[in-house]
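S.K.: Have a look at this fold, sequence not included:
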């Protein structure tokens, strides 16, 4: 009798265990809903935050630290002169719709991205490609018109993921990739659901189901975390509540960095701003820490040039433009601009709106008046970014490794420097790591010395997650919520 | 009755045509290009041009207006620039949230307002009446988003009876969605019920002063019978007007509550579409709302006629 009871208890225990097993589902909060799920036809970060590495994969892929790792290409050979890349593709990879992944898909994807009718938001990533050829089913040969040191890096972007010609038309609403998760459904305005891809070529992810929920209101985001409706919110919109989460053992606050260099842009076509002394004066008038504390609740790293501080090639040049209102006033007097009035256009994010008010006060302190105009993104893009109709604006440049914008004279701040253009051209053709570091240092120094814009701070990534979750990306080398390595510990 | 209905139908059609022109041409002049918005800060001009071709934005304004109106007549509202799905599909999905939420809130507000308004009117001048009037004053004065946040704090975070927001979708079952809509409906209903109760009270009080009420009491009806049978029916006209207005208001104006409870409703769709310059969605949704408001007004007109036979004869 006792024996039977023991067996009974043992069976009961076995039946009961699954209830205590690890959770295999996750609900991830995002502020913005992706407009669609095709990263090759729109720039919205939200598209990548759902799909990157989860649904779609590229030839190479970013690791959490921003390193470039093999993706669908297992390995590659680069020709002596640096113009021919031969990619060896993984064998046995299938798209979610069951079609086999072959060299033809790579040729199709790359040709589509650089086509005349391409609507790829980062078409410049593919600009160096001269031709793409399938050598055999698992080998692709890409020929560049000139060597490009950043080519493998470019191929890791969300805009360069490999798609199949069979499903490409519907990827906006029914994404089909090769990733570890496949698309289940999208309840527009509410959530996107993914499930584990049982036929994944790589290591199976720990999660079976993942849901991305879209909550734009900061207090709603707070309530959703507190009520347990959402397990993780990697870009949490209510930084003022982070302390409360920090004090709560149920949650973990994750602070990392992004690729967002936040700058006070200046229009070099403006007569006063074309004078380097005025630009230096503005840079010296700004107290970066005040802006970080006042607008960003203390999250953010001061920068003195347009480069991410977590990058090994970063130079700390903040002393070049240290806070010094006295020097600013002197420079303005020297330039003959003692009563200057400038228009300051502010897009919607907090860093711009709150930061703008602080900067306006700091500029007034040295004798520069500003007329603030708040703008929606669409209007900002049209008037400031495309039309270059502005004097000052605050914006975070979130693309990784985008120091090259200072070599584009037609870019909205209209900075035309032959020297900077030469440095970037040389960098583009250099693949030797040491020589690249040297050139990147030179570029950083050049734009800092020239006070092209006022460099403010690197945007932080502040997130909240359930304390039992591990494997979420701390930093954002690209906008992404790569869930392949995420698991519950309890 | 039929002539009355036909007259109203004609004016309804004219209103719709005028509205479509105003909506389209006003919205199209908003600065900002949907293609530039979608492609972001690194896009090259030729890419933006290619996308504009893709979206049909390179055609003339008038051609696009005709295509839009022509499509709407056949039920085709065009394709959303950003979502890349038919606008009608988007609107139907959002109506699946906004419409039940509106009806739910309206039912709640009516269920509260009718008895409360009636009791206040019947007990006019009493302490109970004063209490009800004070309560409704508070209900109108409280910002509903703040009330909504209190509901979330108490019922979702502390008690964990309801989720803090979101909408599971109708295929997940009926009750789970009703549950998801309960807190938002309560938050929406509170100020509406307060307004409605006050209107109800004054309308009933006014009818209670009429001669026919005295007659009814004189022929021996009890106070309760008089109120329910005579006063209520005659007080319904102003109340129906308010309910009609509230329906339109709730359908389009729930955006703040939709944000607090992150519900995928019509209000948020419009908001998002304006930000992204998804103009075709904005135009179509606004058009549908105009249509709904005009239709509700038309229906309320018809119910007046049903409630008050004199209106039928006058027309």
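M.R.: Yep, that arrived. Keep in mind the model is a prediction, meaning the values are calculated, not measured. Residues are numbered from 1 along each chain as shown, chains lettered A, B, ... in the order given.
S.K.: interface residues of the stretch 201-315 of chain B facing chain A?
M.R.: B:259-265, B:268-269, B:272, B:275-278 (C-beta under 8 Å from any C-beta of the partner chain). C-beta here means a position set from N, CA and C on the backbone, and glycine is covered the same way.
S.K.: Let me know the closest of those to residue A:39.
M.R.: Among those, residue B:276 lies closest to residue A:39 (C-beta to C-beta), at 16.4 Å.
S.K.: and the nearest residue to the closest one once chain neighbours are set aside, what does it touch?
M.R.: Closest residue to residue B:276 apart from its sequence neighbours, by C-beta to C-beta, 6 or more residues apart in numbering or on different chains: residue B:82 at 5.0 Å. If you count contacts by C-beta atoms under 8 Å, 6 or more residues apart in numbering or on different chains, residue B:82 has them with A:35-36, A:42, B:34, B:38, B:273, B:276, B:278.
S.K.: got it, and residue A:314?
M.R.: Taking C-beta under 8 Å, 6+ apart as the test, what residue A:314 contacts is A:307-308, A:444.
S.K.: Now do the buried residues in stretch B:162-180.
M.R.: Using 16 or more other C-beta atoms under 10 Å in any protein chain shown as the test for burial, stretch B:162-180 gives B:162-167, B:169, B:177, B:180.
S.K.: And for stretch A:61-76?
M.R.: Here stretch A:61-76 shows A:61-62, A:64, A:66, A:68, A:70-73, A:76 as buried, counting by 16+ other C-beta under 10 Å.
S.K.: which outside residues touch it?
M.R.: A:53, A:57-60, A:85-90, A:93, A:101, A:106, A:140, A:152-153, A:156, A:162, A:178, A:310-311, A:400, A:473-475, A:477-478, A:480, A:482.
S.K.: same thing with stretch B:229-243?
M.R.: Defining contact as C-beta under 8 Å, 6+ apart, one finds that stretch B:229-243 is touched by B:106, B:110, B:118, B:121, B:195-196, B:199-200, B:203-204, B:206-208, B:210, B:212-213, B:216, B:221, B:300, B:303-304, B:307-308.
S.K.: which one is the residue nearest to the spatial centre of chain B nearest to, not counting chain neighbours?
M.R.: For chain B, the residue nearest the mean C-alpha position is residue B:251 (2.4 Å; C-alpha atoms, centre = their mean). Excluding its sequence neighbours, the residue lying closest to residue B:251 (C-beta to C-beta, 6+ apart) is residue B:102, at 4.9 Å.
S.K.: so how far is chain A from the one you found?
M.R.: Distance, residue B:102 to chain A, using C-beta to the nearest C-beta, to the nearest Å: 16 Å.
S.K.: so that residue makes contact with residue B:257?
M.R.: No. Judged on C-beta atoms under 8 Å, residue B:102 makes no contact with residue B:257 at a distance of 10.8 Å.
S.K.: got any residues that touch both of the two?
M.R.: residue B:188.
S.K.: Can you give me the neighbour number for residue A:418?
M.R.: Other residues lying near residue A:418 total 9 when counted by other C-beta atoms under 10 Å in any protein chain shown.
S.K.: Then residue A:81?
M.R.: Residues near residue A:81, counting by other C-beta under 10 Å, number 9.
S.K.: Phi first, then psi, for residue A:312.
M.R.: phi -60, psi -20 (degrees, to the nearest 10).
S.K.: Then residue A:216?
M.R.: phi -90, psi -20.
S.K.: wait, doesn't it sit right on residue B:261?
M.R.: No. Using C-beta under 8 Å as the test, residue A:216 is too far from residue B:261 to be in contact (11.8 Å).
S.K.: So between these two, which is more surrounded?
M.R.: residue B:261 (32 against 16).
S.K.: check contacts around the residue nearest to the more buried one when sequence neighbours are not counted.
M.R.: With sequence-adjacent residues excluded and distances taken as C-beta to C-beta, 6+ apart, residue B:261 is closest to residue B:165, at 3.8 Å. By C-beta under 8 Å, 6+ apart, the contact list for residue B:165 reads A:215, A:220, A:223-224, A:229, B:152, B:156, B:180, B:260-263.
S.K.: any idea how far the residue lying closest to residue A:477 once chain neighbours are set aside is from residue A:479?
M.R.: Leaving aside its chain neighbours, residue A:477 sits nearest to residue A:66 (3.3 Å; criterion: C-beta to C-beta, 6+ apart). Remark: distance between residue A:66 and residue A:479 (C-beta to C-beta, to the nearest Å) = 13 Å.
S.K.: My read is that residue A:377 contacts residue A:352, right?
M.R.: No. With contacts defined as C-beta under 8 Å, residue A:377 does not count as touching residue A:352, sitting 10.4 Å away.
S.K.: Give me the pLDDT for the closest residue to chain B within the stretch 1-150 of chain A.
M.R.: As assessed by C-beta to the nearest C-beta, chain B sits closest to residue A:43 within the stretch 1-150 of chain A, at 2.7 Å. On the pLDDT scale, residue A:43 is placed at 85.
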